[in-house]
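Trainee: Below: sequence and its predicted model.
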Amino acid sequence: MSKKPSQPLANELKPYVAPFRYDGSGEFHLKSHKTNEKGGLDKEKATKIIESNRERLSDFQEKLYAQDRWSMLLIFQGMDAAGKDSAIKSVFEGVNPQGCEVTAFKQPSTKELDHDFLWRSMIALPERGRIGIFNRSHYEECLVVRVHPEILAKQKLPERLVTKDIWKERFEDITAMERHLARNGTVILKFFLNVSKEEQRERFLARLEEPAKNWKFSLADIGERKLWAKYQAAYQDMIHHTAAKAAPWYVVPADHKWFARVVIGSAIVSALDRLDLHFPDVEKADRSEFKQVREALLAEGKGTKK
């Protein structure tokens, strides 16, 4: 279905991809993943990698769009101030917006609550040839809803279905859905931006000190910080049960935004490199038609000259 990645590119990016990838093989312990990892880079070297990945991504995205066979779904999860918005903006800088769409999932609407918990994600999936970016996603249903049981109580589920196994069942439903998508040509990459509690604190303070960032801050953010341990446990359980070879998780060190962008960009480029993307071949009949069009245009030009 896909080819092996070209060795030079695969080898070049492997140090920034492999250590952070979890596909369900073996044990998973979130605490063993450092939030301040730099991968042996400094900011200057990282910037060069980020820029190179942007160029590669732009080229791959154009071929993905033209080939119109594969699609890509990128899922971004993380605590508040983990850097999801800025990472998406940075990694995709210069990429043709025609082939990408970002969906930010907020609190479910009344209409969305009248459907199953996967519905609003399913209707936002990318078409063939396009890249869909979920800023938060259906995984919120196993995170914020799990940490705040009162939200689950408002989801109109029949009481007999709300059992102690509901989170296990949701993991199974999500895994089945993602497996289905992968079997139908959607490449799925999931990123957990792993930020430390101390770094989040510093970023919240920065938001308060910069007027242009005040709008990002809410008192609710402080309340969520008090639930940090519960969120970490929920992420641990979720990643462990939903990682798969067809839909791996990348636990991205997010204390240094520039290194997070190296990891995210490298993972995306590496995945696209495996798809053997190319511009479609033009049929002989089409080439013959091109010749006629060319002759007509040249004749038109001669007619305008006096």
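Mentor: Noted; the coordinates are in hand.
Trainee: C-alpha only now, for contacts and for neighbours.
Mentor: Fine.
Trainee: what pairs with Asn194 across the strands?
Mentor: Pro253 (DSSP bridges).
Trainee: Correct me if wrong: it contacts His256.
Mentor: No: Asn194 lies out of contact with His256 (CA atoms under 8 Å); the separation is 10.3 Å.
Trainee: Check which element follows the lengthiest helix in the chain along the chain.
Mentor: For the chain, the longest helix by residue count, based on DSSP state H, is helix 43-67. Toward the C-terminus, helix 43-67 is succeeded by strand 71-78 as the next helix or strand (DSSP states H and E).
Trainee: what does that next one contact?
Mentor: 64, 84, 125-137, 139, 185-195 (CA atoms under 8 Å, 6 or more residues apart in numbering).
Trainee: Which strands border it, and is each parallel or antiparallel?
Mentor: Paired with strand 71-78 in the same sheet, following DSSP bridges, are strand 131-135 (parallel), strand 186-194 (parallel).
Trainee: Columns distance to Gln155 on top of these, output as CSV?
Mentor: As requested, the strands paired with strand 71-78 are exported to CSV (distance: least, CA to CA, whole Å):
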stretch, distance to Gln155
strand 131-135, 21
strand 186-194, 25
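Trainee: now for those, which one comes closest to Ile222?
Mentor: strand 186-194 (18.0 Å; CA to CA).
Trainee: List the contacts of the closest one.
Mentor: 35, 70-79, 82-84, 128, 178, 181-182, 246-255, 260, 264, 268, 271.
Trainee: mind checking how far the residue nearest to the spatial centre of the chain is from Glu198?
Mentor: Centrality entry for the chain: nearest residue to the mean C-alpha point is Leu74, 2.4 Å, by CA atoms, centre = their mean. Distance from Leu74 to Glu198, counting by CA to CA, to the nearest Å: 27 Å.
Trainee: How about the one helix or strand Lys89 maps to, which residues are buried there?
Mentor: According to DSSP H and E, Lys89 maps onto helix 84-91. Buried residues in helix 84-91, counted by 16 or more other CA atoms under 10 Å: 84, 87-88, 90-91.
Trainee: hmm, back to that, looking at Asn194 and His256, which one has more neighbours?
Mentor: Asn194 (25 against 17; other CA atoms under 10 Å).
Trainee: Which parts of the stretch 201-306 of the chain are helices?
Mentor: Here the stretch 201-306 of the chain has its helices, by DSSP state H, counting those that start in this stretch, at 219-225, 228-242, 257-273, 284-304.
Trainee: what's the third one packed up against?
Mentor: What that stands for is helix 257-273. Secondary-structure packing of helix 257-273 (3 or more CA pairs under 8 Å, 6 or more residues apart in numbering; DSSP states H and E): helix 7-13, helix 43-67, helix 84-91, strand 186-194, strand 249-253.
Trainee: next structured bit after the first one?
Mentor: So that's helix 7-13. With DSSP H and E, the next secondary element past helix 7-13 is strand 21-22.
Trainee: Could you give the separation between the terminal residues of stretch 146-158?
Mentor: 17 Å.
Trainee: tell me how far that stretch is from the chain's mean position?
Mentor: 26 Å (CA atoms, centre = their mean, to the nearest Å).
Trainee: ditto for stretch 46-55
Mentor: The answer for stretch 46-55 is 18 Å, by CA atoms, centre = their mean.
Trainee: what residues does it touch?
Mentor: Residues outside stretch 46-55 that contact it (CA under 8 Å, 6+ apart) are 91-95, 258-259, 261-262, 265-266, 269.
Trainee: Who are the contact partners of Ala66?
Mentor: With CA under 8 Å, 6+ apart, Ala66 has these contacts: 129, 278-280.
Trainee: Give the burial count for Met72, as a bare number.
Mentor: Met72: 27 neighbours (other CA under 10 Å).
Trainee: what's the answer for Glu198, then?
Mentor: Neighbour count of Glu198, defined by other CA under 10 Å: 10.
Trainee: and it, helix, strand or coil?
Mentor: helix (DSSP: H, G, I helix; E, B strand; the rest coil).
Trainee: Contacts only, for it.
Mentor: So Glu198 contacts nothing (CA under 8 Å, 6+ apart).
Trainee: Against which helices or strands is the helix holding Lys89 packed?
Mentor: Under the contact criterion of 3+ CA pairs under 8 Å, 6+ apart, helix 84-91 touches helix 43-67, strand 71-78, helix 257-273.
Trainee: I'd like the next helix or strand past it.
Mentor: strand 100-104.
Trainee: Give me the buried positions along the following helix or strand past that next one.
Mentor: Per DSSP H and E, the first helix or strand lying C-terminal to strand 100-104 is helix 110-113. Buried residues in helix 110-113, defined by neighbour count with 16+ other CA under 10 Å: Leu113.
Trainee: which other residues reach helix 110-113?
Mentor: Contacts of helix 110-113 (CA under 8 Å, 6+ apart): 119-120, 155-156.
Trainee: Many thanks, have a good one.
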